[in-house]
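Participant: Need a 3D model of the sequence below.
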Amino acid sequence: MSIDLSGMSTADLVALSKQIEARKELVQKESLQNAYAEMQKVSSKFGVALDDVISLHNGKGKKTKSPAKYINPEDPTQTWTGRGRKPEWVHAALAAGQSLDDLMI
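Facilitator: Alright, predicted model coming up:
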């Protein structure tokens, strides 16, 4: 399929562009709905709930979040588990002469 764009005005091109975007959104939505329906069929074939499969894939359910071990004394809403990279407030506290023990909950 080929559309000759050379004779189209700016208004025609803008209108065509809007039609294309609307069609793209519709096709994408239909594709998502079809994929979801297929996934439901597969999960029911195995006798499991689709939500359980999705939560397993997302890492939800089995893993539990590690409890916070450290707290920012200047902003108690900021905590850190002690895993991964140190937050900026931990670096600032250490640079100010505090120790990690000072920040423990």
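Participant: which helices and strands sit right next to the helix or strand where Arg23 lies?
Facilitator: Following DSSP states H and E, one finds Arg23 within helix 10-45. In terms of contacts (3 or more C-beta pairs under 8 Å, 6 or more residues apart in numbering; DSSP states H and E), helix 10-45 is packed against helix 50-57. All C-beta spots, glycine's among them, are computed from the backbone N, C-alpha and C.
Participant: C-terminal to the helix it packs on, what's the next element?
Facilitator: strand 70-72.
Participant: Which SSE is immediately downstream of that following strand?
Facilitator: Criterion used, DSSP H and E; the element after strand 70-72 is strand 75-80.
Participant: Return the set of buried residues in the next helix or strand after that following strand.
Facilitator: Sequence order places helix 88-95 as the next helix or strand after strand 75-80, per DSSP H and E. Buried residues in helix 88-95, defined by neighbour count with 16 or more other C-beta atoms under 10 Å: Trp89, Val90, Ala93.
Participant: got the angle for the lowest-mean-pLDDT helix or strand in the chain vs helix 10-45?
Facilitator: In the chain, no helix or strand scores lower on mean pLDDT, DSSP states H and E than helix 50-57, which sits at a mean of 82. Computed with axes from the mean of the first three to the mean of the last three C-alpha atoms, to 10 degrees, the direction of helix 50-57 lies at 100 degrees from that of helix 10-45.
Participant: Please state the offset of helix 50-57 from the chain centre?
Facilitator: Computed by C-alpha atoms, centre = their mean, to the nearest Å, the separation of helix 50-57 from the middle of its chain amounts to 15 Å.
Participant: again, but for stretch 11-28
Facilitator: Worked out by C-alpha atoms, centre = their mean, stretch 11-28 lies 27 Å from the chain centre.
Participant: same thing with stretch 84-100?
Facilitator: 28 Å.
Participant: hmm, who's touching it?
Facilitator: Tyr70, Asn72, Pro73, Glu74, Asp75, Gln78, Trp80, Gly82, Asp102, Leu103 (C-beta atoms under 8 Å, 6 or more residues apart in numbering).
Participant: average model confidence for it?
Facilitator: Average pLDDT, stretch 84-100: 93.
Participant: Brilliant, that's me finished.
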